[in-house]
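**Q** Turn this into a structure:
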Amino acid sequence: MPIYMTPEGIEQLKQRMAKEETELASVRKEKAVAYTQSGDQWHDNPGFNQLEQAELRKLKQIAEMHSRLADAVVVNVEPRDVDHVSIGSIVRYLRVNEDNGESQTGLLEIVGFGEGNPQRSTVSYNSPLGMGLMGLNPGESRTDESGLGIFTYEVLALYPSWEAALDDRPSQ
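**A** Numbers count the residues shown, from 1 in each chain. From the prediction side, this is the model:
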């Protein structure tokens, strides 16, 4: 099944994969030293067993990253779509929790699979918030039910750049 990622997300994934591969090499070196010191039986050398488990975790993480790269479809986000929400869109939105009436407005960028970062005001297209907004035009809304409740999502505005979005901030 294809997953959609931005060029920046692909580059970040490759960097994380290189880091994990470097750490794997380090674990393997430590494991070789532990093996020669006390043998490979868990009761003879518990440190060796821990390193073996760490090696298996790293191998699994690296395999998952390779799989993600193999399934990745790169989405070019320039120029940004200002007609409807898609990957790369910068969105001012309103989200209303229909169960309790609480509402939240926000400004964020829709990014690729696994690329979301709240500190950078980004959310993945496949997150609940991202899925609630995807495909909507400015002024349109949609109500979705998830495990968290029933939410209505409305797109207040779409922007061609972060500068334009920040210039359009509501007055305080």
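
**Q** Distance from the chain centre to the longest strand belonging to the chain, please.
**A** Longest strand in the chain by number of residues (criterion: DSSP state E): strand 149-159. Distance, stretch centre to chain centre, for strand 149-159: 20 Å (C-alpha atoms, centre = their mean, to the nearest Å).

**Q** who's in contact with that strand?
**A** 80-85, 89-100, 105, 128-129, 132-133, 136-145, 165, 168 (C-beta atoms under 8 Å, 6 or more residues apart in numbering). In this view, the C-beta of every residue, glycine as well, is placed from N, C-alpha and C.

**Q** how far away is the spatially most central residue of the chain from residue 68?
**A** Geometric centre of the chain, nearest residue: residue 114, 2.2 Å, by C-alpha atoms, centre = their mean. Applying C-beta to C-beta, to the nearest Å, the value for residue 114 to residue 68 is 7 Å.

**Q** Might you report the residue contacts of residue 76?
**A** Here residue 76 is in contact with 7, 88 (C-beta under 8 Å, 6+ apart).

**Q** circling back to that earlier point, tell me the mean pLDDT for the longest strand of the chain?
**A** What strand 149-159 shows for mean pLDDT is 95.

**Q** residues of that strand that come out buried?
**A** Neighbour counts over strand 149-159 (16 or more other C-beta atoms under 10 Å) mark 151, 153, 154, 155, 156, 158, 159 as buried.

**Q** Next one: the fourth one from residue 86, what distance?
**A** Just to be clear, that refers to residue 155. 11 Å.

**Q** for the third one, same thing?
**A** According to C-beta to C-beta, residue 154 and residue 86 sit 17 Å apart.

**Q** thinking again about what came up before, please work out how many residues are found near the residue nearest to the residue nearest to the centre of the chain when sequence neighbours are not counted.
**A** Once flanking residues are discounted, residue 114 sits nearest to residue 124: 6.4 Å by C-beta to C-beta, 6 or more residues apart in numbering. Residues near residue 124, counting by other C-beta atoms under 10 Å, number 22.

**Q** residue contacts, residue 124?
**A** With contact set as C-beta under 8 Å, 6+ apart, residue 124 has these partners: 110, 111, 112, 113, 114, 115, 116, 130.

**Q** cool, and residue 130?
**A** 110, 116, 123, 124.

**Q** helix or strand for it, which one?
**A** Following DSSP states H and E, the helix or strand that holds residue 130 is helix 128-133.

**Q** Show the model's pLDDT score for residue 35.
**A** 76.

**Q** ok, for it, nearest residue in space, not its chain neighbours?
**A** Residue 35's closest residue in space is residue 48 (C-beta to C-beta, 6+ apart), at 5.7 Å.

**Q** Now do the phi/psi pair for the one you found.
**A** phi -60, psi -40 (degrees, to the nearest 10).
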